[in-house]
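Enquirer: below are the sequence and a predicted model for it; my questions follow.
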Amino acid sequence: MVWLVPTVGLAITSFRKPNNIASSGWWHALTQWDWTLHNYGSVIHATGMGHAWSGGSTTGQYADPLGPSASQNMYAFFMAHVLGPPPPPQPLQVTSVAVGNLVATSAVITWQTNNTANSRVDFGTSITYDSFASDPALVTNHSITLTGLTANTTYHYQVTSVDGHAQTATSIDATFGTTAANFSLQLSAAADRSASSALQGQTVAGTIYVFTSPASGVTRVRFWLDNPQMSGTPRQTEGAAPWDFAGTATNGTANPTNTTTIANGSHTITAAVDKSAGGTDVLSSTFTVGNP
């Protein structure tokens, strides 16, 4: 604030006539009209800047008939920079579609787009695609992990992206094959796990016993029910063989799973098997509960 008054005084003085500047203070200009542009005109002519004020009438005090026309130049500039809607976006394109990290029960689908866009993969054992996985994030490098796949099975898939301008791009149908499973989710009607069979596709009722097999070559197994993404805390974590979905009793038999506590209908058990040799196999089996 202390510099505001002298700054205002200098600005006002620059518009006063020389004789008034010499005879009275700048504040007199606030009550006595003695404003002029003569001071600025003198500076412009003294420094050879008159061409900047050319154009218009040649009789004007600061006009320079030898200079370019400021009016014409301003008109040409604004006509060349007319404001309008932004240019349309580039048509959305999907490229470099690939499959990676392919194992028995999962696969990673990657692709690229020229515009930022979301990600979706439709997949299934036929071209009708009965499942999908998606990510709403707008990116140009896309990656979607498919889980809960069946081992040793051929899958059809197709990727789709939609950008921020509602443009959609979809790849052609392609296929990949999952590898054979080293481990599997098994179902038994007995606590000793006898006469077991693959859980996948089974219809169950009452008490069942679910476990992973074989028991060797494993350091830990984590189980999830109806959570193929394996998010959050596992339903059960086993740190020693045998690897039972409901835990193992002190006598070594499997604890039971009472299916009456699970709603009738389709369900999925997913198991992450940490192997002694390193790495993790993800198993996922779908079954149906059909209690009377």
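Expert: Ah, there it is.
Enquirer: what's the longest strand in the protein?
Expert: Across the chain, the longest stretch assigned as strand under DSSP state E is strand 107-124.
Enquirer: restrict it to CA atoms and write it as PDB.
Expert: As requested, the backbone C-alpha atoms of strand 107-124 are provided in PDB (Å, rounded to 0.1, in the frame of the first residue of the first chain):
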ATOM      1  CA  ALA A 107      -5.100 -65.100 -19.200                       C
ATOM      2  CA  VAL A 108      -4.200 -61.400 -19.800                       C
ATOM      3  CA  ILE A 109      -5.600 -59.600 -22.800                       C
ATOM      4  CA  THR A 110      -3.700 -56.500 -24.000                       C
ATOM      5  CA  TRP A 111      -4.300 -54.000 -26.800                       C
ATOM      6  CA  GLN A 112      -3.700 -50.300 -27.700                       C
ATOM      7  CA  THR A 113      -6.000 -47.400 -28.800                       C
ATOM      8  CA  ASN A 114      -5.000 -44.100 -30.500                       C
ATOM      9  CA  ASN A 115      -7.400 -42.200 -28.200                       C
ATOM     10  CA  THR A 116      -7.900 -42.700 -24.400                       C
ATOM     11  CA  ALA A 117     -10.700 -45.100 -24.000                       C
ATOM     12  CA  ASN A 118     -12.100 -47.700 -21.600                       C
ATOM     13  CA  SER A 119     -11.500 -51.500 -21.700                       C
ATOM     14  CA  ARG A 120     -13.800 -54.500 -22.100                       C
ATOM     15  CA  VAL A 121     -13.200 -58.100 -23.100                       C
ATOM     16  CA  ASP A 122     -16.100 -60.400 -24.000                       C
ATOM     17  CA  PHE A 123     -15.100 -64.100 -23.900                       C
ATOM     18  CA  GLY A 124     -16.500 -67.600 -23.800                       C
END
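Enquirer: buried residues in it, which are they?
Expert: Taking 16 or more other CB atoms under 10 Å as the basis for neighbour counts, the residues of strand 107-124 that come out buried are 107, 109-113, 115, 117-123. For the C-beta atoms, the positions are set from N, CA and C on the backbone; glycine is no exception.
Enquirer: equivalent analysis for stretch 243-255, please.
Expert: Buried residues in stretch 243-255, defined by neighbour count with 16+ other CB under 10 Å: 243-246, 248, 254.
Enquirer: try stretch 274-292
Expert: For stretch 274-292, a neighbour-count test (16+ other CB under 10 Å) marks 281-287, 289 as buried.
Enquirer: by contact count, what packs against the longest strand of the chain?
Expert: On a contact count with 3 or more CB pairs under 8 Å, 6 or more residues apart in numbering; DSSP states H and E, strand 107-124 meets strand 94-100, strand 131-146, strand 154-162.
Enquirer: count residues in the vicinity of residue 180, would you?
Expert: The number of residues packed around residue 180, counting by other CB atoms under 10 Å, is 10.
Enquirer: Three-state assignment for it, please.
Expert: Secondary structure, DSSP: H, G, I helix; E, B strand; the rest coil: residue 180 is coil.
Enquirer: residues in contact with it?
Expert: Residue 180 makes contact with 104, 151-152, according to CB atoms under 8 Å, 6 or more residues apart in numbering.
Enquirer: dump those residues into CSV; add distance to residue 212, secondary structure and pLDDT as well.
Expert: Compiled in CSV, these are given as follows (distance: CB to CB, whole Å; DSSP: H, G, I helix; E, B strand; the rest coil; pLDDT from 0 to 100):
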residue, distance to residue 212, secondary structure, pLDDT
104, 12, coil, 78
151, 13, coil, 77
152, 17, coil, 82
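Enquirer: beta partners for the nearest residue to residue 195 once chain neighbours are set aside?
Expert: The shortest distance from residue 195 to any residue other than its chain neighbours is 6.3 Å, reached at residue 188 (CB to CB, 6 or more residues apart in numbering). Beta-bridge pairing for residue 188 (DSSP bridges): residue 209.
Enquirer: wait, doesn't residue 188 sit right on residue 213?
Expert: No: counting by CB atoms under 8 Å, residue 188 stays clear of residue 213, with 9.9 Å between them.
Enquirer: OK, contacts around the closest residue to residue 138 other than its chain neighbours?
Expert: Distances taken as CB to CB, 6+ apart put residue 116 closest to residue 138, at 4.1 Å, once the chain neighbours are dropped. For residue 116, the set of contacting residues under the criterion of CB under 8 Å, 6+ apart consists of 138-140, 163-164.
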